[in-house]
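Asks: Mind folding the following:
(chains A and B)
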Amino acid sequence: MARPLLEVQELKKTFPARGGRQLRAVDGVSFTIERGETLGLVGESGCGKSTTGRTIVRLYQPSAGRVLFDGEEVHSLHGSALRRFRRRVQMIFQDPLASLDPRMTVGDTIAEGMQIHHMGTPKERQERVQALLRAVGLNPEHASRFPHEFSGGQRQRIGIARALAVQPELIVADEPISALDVSIQAQIVNLLERLQQEMGLTYLFIAHDLSMVKHISTHVGVMYLGALVEIAPTDQLYSEPLHPYTQALLSAAPLPDPKVTRTRPRVVVQGEVPSPIDLPSGCRFRTRCPFAMDICSQVDPPLIEVAPQRQVACHLHAARSTAA
Amino acid sequence: MAGAPLLEVRDLQVVFHTYAGLVQAVRGVSFAIAPGEMLAVVGESGCGKSVTAQTILRLLPTPPAEVTGGQILFEGRDLLKLSEREMQQVRGEQITVVFQDPISALNPTATVGSQIAEVVTLHESVTRKQAWQRAVEMLQLVGIPDAVQRAHQYPHQFSGGMRQRAMIALALACRPKLLIADEPTTALDVTVQAQILALLKRLQKETGAAVLLITHDLGVVAEVADRVVVMYAGEVIEQAPLEPLFYAPRHPYTWGLLRSVPRLDRMRQGALEPIEGTPPDLLDPPSGCAFAPRCRYALRICRQMPPIEQQVETEGHSVRCWLNDPAAPAGLRRPWAEGEAAVSQEDLSLQPRSAPPQ
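Replies: Below is the predicted model:
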């Protein structure tokens, strides 16, 4: 098998907290993404999914562990190798208004990356801006307008055009549709899917909306309090969730279907997420888990493979390890 | 709906005076809530759902807002005609509200218990001790553990979900007849959202309070509502009891909303079906149906004349859409006549397992 496009190995990111303590935002996360795949990373606020994404694109330095992009260690790149990495990996943010410069025209914003990476002549860049605007469903004549003249969905299209301008291979999309209305979300998701097919893109899609993640992802990873608790091919994860947290998350997500809502099985979890400064002993989910056992408070369950491509970190499934 | 409604909004019109001109935020909204009922008002940002809720409570700053027409009848009294003093009696006692963000709605400098007790003493003749006792009872009712101790804590010592529970306790302390919940779970994580929705439903049944639930999330609606009002561009475009709205919607917008969300519990079926385009600018709303520019089924009349409200077969189901006009030709393309349902009731489900292997 060819090497994966992205490999994340035992990634940790801590932030200093009050009293000399450490906030463990990402606490030993490992996964890989193959070319052309989409990994959806889901979890509730504070689970570390955005920190993971930001560390991958070098917005943060990791506290431990490493990130390999196309076999190269991302955080030790410099010089021309770093420039190349920055062209090949692009990010799309949640709030397109905050991530677009209000004083730059849309055309300049989209062309800026190409200019930095010395791609094409000014005229070629201009033409590419037009082509990109068309590709994301905007009027090419609007290149001279400013971000405030567009609606939220249109601004997100501009953010996508900017990311695509430098012909990236991996796109890290951090909650790209959360700020948009339902009827607009589907437009953007369809656009991302079409562009992926046309340009052979690989996505890391970070979101908390489980139904959109299911739609767009080939694989899904579930995070809880800084750890990856389960990762699997999408259909398997949704049809047979193994980790009690994944089960709870899926059964808590509201479904727009009153009859199914009334009858579907529920895994109800009590309480709320504990503080990442003061993690529970053993399994970090045990304080809310309806199936917690004695061992759960003593031993932190490692992420183990229980079936091909299926990994879960839970003592209930320890016996199923294929590695044993 | 049997009997007199608790609240009736009649042809409500609200505008905002802005530098750009007059924004017509609410354009002739009418609906009613029966005592003890949970009515969801659903729509996307800018559709006027929150402005309607805030007008009922008379919380909108005027100017820039101005109510230019309509009535809000609460037990037959027009709230728009009350003095500010009379309105204060209604607010907190008869009608209360839970907002999206509890941290900005609670007073950071007072304990949670004292804030609830204050409301009770303002509206009822009780001693301070009785009011405090009620505060503790309310916190217990909404599922706050160690309520006796927790009542002495400040809002910042509560987690997000606990704060929203405290807000609900505050809102229900004087046993109101109507609770307005404006996006009460939007800021919460999904597992906590499920807890708060279950709590709201339980309290609606136990206290007999009617609930006006404002939300953008059709999943939330399916979970708790009895009846649904769908708003678009400042107007009510469809209203129906819960199941007819999901399984037999008659407005192309409702239809499109239901079809554009992928299903968590179903196999993937090709590309999503978005509603193309964006909502109209309410500085200059279209002269015909506001949805016509985005509607795949629009007729010539849709662009010229606003549609008249039509009753659909099911009791209490009405829609504003020319496709439903009795005089509309039978052979017209209509989303509900094209074979597929908005929410399919066939079992295409991925079967989620309820418990892991032991």
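
Asks: what about the residue of the stretch 101-250 of chain B found nearest chain A, which SS state?
Replies: Closest residue of the stretch 101-250 of chain B to chain A, Cβ to the nearest Cβ: residue B:219 (2.7 Å). For the C-beta atoms, the positions are set from N, CA and C on the backbone; glycine is no exception. Put simply, residue B:219 is helix when judged by DSSP: H, G, I helix; E, B strand; the rest coil.

Asks: contacting residues around it?
Replies: Neighbouring residues of residue B:219 by Cβ atoms under 8 Å, 6 or more residues apart in numbering or on different chains: A:253, A:254, A:255, A:256, B:261.

Asks: gap between it and residue A:224?
Replies: Between residue B:219 and residue A:224 the distance is 22 Å, computed by Cβ to Cβ, to the nearest Å.

Asks: what about burial for the contacts of residue B:219, which qualify?
Replies: By neighbour count, with 16 or more other Cβ atoms under 10 Å in any protein chain shown, the contacts of residue B:219 hold A:253, A:254, A:255, A:256, B:261 as buried.

Asks: for these, which one is nearest residue B:205?
Replies: Taking Cβ to Cβ as the measure, residue B:205 lies nearest residue A:254 of the buried ones among the contacts of residue B:219, at 19.1 Å.

Asks: what's the nearest residue to that closest one if we skip its chain neighbours?
Replies: In space, and not counting its chain neighbours, residue A:254 is closest to residue B:219: 2.7 Å by Cβ to Cβ, 6 or more residues apart in numbering or on different chains.

Asks: Could you check the pLDDT of that neighbour?
Replies: Here, the pLDDT recorded for residue B:219 equals 92.

Asks: Kindly report the same for residue B:176.
Replies: For residue B:176, pLDDT reads 92.

Asks: Quick check: it touching residue B:93?
Replies: Yes - between residue B:176 and residue B:93 there is a contact at 6.5 Å, judged by Cβ atoms under 8 Å.

Asks: quick one: which of those two has more around it?
Replies: Each of residue B:176 and residue B:93 has its neighbours counted (other Cβ atoms under 10 Å in any protein chain shown); residue B:176 has more, 21 against 18.

Asks: ok so, going back, what's the distance between the residue of the stretch 101-250 of chain B closest to chain A and residue B:236?
Replies: For residue B:219, the distance to residue B:236 (Cβ to Cβ) stands at 21 Å.

Asks: what do you get for residue A:270?
Replies: 38 Å.

Asks: what's the span of stretch A:224-237, first residue to last?
Replies: 16 Å (Cα to Cα, to the nearest Å).

Asks: quick one: buried residues of that stretch?
Replies: Judged by neighbour count (16+ other Cβ under 10 Å), stretch A:224-237 contains these buried residues: A:224-234, A:236-237.

Asks: Can that stretch be said to contact chain B?
Replies: Yes - residues of stretch A:224-237 contacting chain B under Cβ under 8 Å from any Cβ of the partner chain: residue A:235.

Asks: How far does that stretch sit from its chain's centre?
Replies: Distance of stretch A:224-237 from the chain centroid (Cα atoms, centre = their mean, to the nearest Å) equals 12 Å.

Asks: for stretch A:164-184, same thing?
Replies: 10 Å.

Asks: contacting residues around whichever residue of the stretch 151-300 of chain A sits closest to chain B?
Replies: At 2.7 Å from chain B, residue A:254 is the closest residue in the stretch 151-300 of chain A, using Cβ to the nearest Cβ. The contact partners of residue A:254, taken as Cβ under 8 Å, 6+ apart, are A:261, B:190, B:193, B:194, B:197, B:217, B:219, B:220, B:222, B:223.

Asks: do residue B:274 as well
Replies: A:183, A:184, A:185, A:186, A:187, A:190, B:256, B:260.

Asks: do that again at 6 Å, thanks
Replies: Residue B:274 makes contact with A:186, A:187, B:260, according to Cβ atoms under 6 Å, 6 or more residues apart in numbering or on different chains.

Asks: what about burial for the residues you listed, which qualify?
Replies: A:186, A:187, B:260.

Asks: where exactly do the helices run in chain A?
Replies: All helices of chain A, identified by DSSP state H, fall at A:49-56, A:79-88, A:106-116, A:122-135, A:152-165, A:182-199, A:210-216, A:234-239, A:244-252, A:258-263.

Asks: Need the nearest residue in space to residue A:287, chain neighbours excluded.
Replies: In this structure, residue A:287 finds its nearest non-sequential neighbour in residue A:280, 5.1 Å apart by Cβ to Cβ, 6+ apart.

Asks: isn't residue A:74 right up against residue A:67?
Replies: Yes - counting by Cβ atoms under 6 Å, residue A:67 is a contact partner of residue A:74 at 4.3 Å.

Asks: Show me which of those two is the more surrounded one.
Replies: Of the pair residue A:74 and residue A:67, residue A:74 is the one with more neighbours under other Cβ under 10 Å, namely 22 against 19.

Asks: what's near enough to touch the residue nearest the centre of chain A?
Replies: Central residue of chain A (Cα atoms, centre = their mean): residue A:206, 2.6 Å from the mean position. Counting by Cβ under 6 Å, 6+ apart, residue A:206 touches A:41, A:49, A:53, A:174.

Asks: What's the ChimeraX syntax to select whichever of those are buried?
Replies: Selection of the buried residues among those in ChimeraX, burial being defined by 16+ other Cβ under 10 Å:
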select /A:41,49,53,174
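
Asks: Tell me the one among the contacts of residue A:206 nearest to residue B:147.
Replies: residue A:49 (33.7 Å).

Asks: didn't the closest one look like it was pressed against residue A:223?
Replies: Yes - counting by Cβ under 6 Å, residue A:49 does reach residue A:223; the two are 5.1 Å apart.

Asks: Give me the common contacts of these two.
Replies: Residues touching both residue A:49 and residue A:223 by Cβ under 6 Å, 6+ apart: residue A:43.

Asks: Any buried residues in stretch A:173-185, and which?
Replies: Residues A:173, A:174, A:175, A:176, A:177, A:179, A:180, A:181, A:182, A:183, A:184, A:185 are the ones in stretch A:173-185 that count as buried (16+ other Cβ under 10 Å).

Asks: Pull it out as CSV, backbone CA atoms only.
Replies: What follows is stretch A:173-185 as a C-alpha-only set of coordinates in CSV (Å, rounded to 0.1, in the frame of the first residue of the first chain):
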residue,chain,number,x,y,z
ALA,A,173,-12.0,22.2,7.1
ASP,A,174,-12.8,23.2,10.6
GLU,A,175,-16.6,23.4,11.1
PRO,A,176,-17.0,24.8,7.6
ILE,A,177,-20.8,24.8,7.6
SER,A,178,-21.7,25.3,11.3
ALA,A,179,-22.3,29.0,10.9
LEU,A,180,-24.6,28.5,7.9
ASP,A,181,-28.4,28.0,7.6
VAL,A,182,-29.6,24.5,6.9
SER,A,183,-30.7,25.3,3.3
ILE,A,184,-27.2,26.7,2.5
GLN,A,185,-25.3,23.9,4.3
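
Asks: That stretch and chain B in contact?
Replies: Yes - on the criterion Cβ under 6 Å from any Cβ of the partner chain, stretch A:173-185 is in touch with chain B at A:181, A:182, A:183.

Asks: Could you export the residues you listed as JSON lines, including distance to residue A:146?
Replies: Formatted as JSON lines, those follow (distance: Cβ to Cβ, whole Å):
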{"residue": "A:181", "distance to residue A:146": "22"}
{"residue": "A:182", "distance to residue A:146": "27"}
{"residue": "A:183", "distance to residue A:146": "25"}
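
Asks: Residue 224: what's its closest spatial neighbour, skipping adjacent residues?
Replies: Picked chain A for this. Residue A:224's closest residue in space is residue A:245 (Cβ to Cβ, 6+ apart), at 5.1 Å.

Asks: hm, I was asking about chain B
Replies: Residue B:224 sits nearest to residue B:201 (Cβ to Cβ, 6+ apart), 4.9 Å away.

Asks: and if you look at residue B:97?
Replies: residue B:180 (4.5 Å).

Asks: Is the one you found located within a strand, as I assumed?
Replies: Yes - secondary structure of residue B:180 (three-state DSSP): part of a strand.

Asks: what's around it, how many residues?
Replies: Other residues within reach of residue B:180 by the criterion other Cβ under 10 Å amount to 27.
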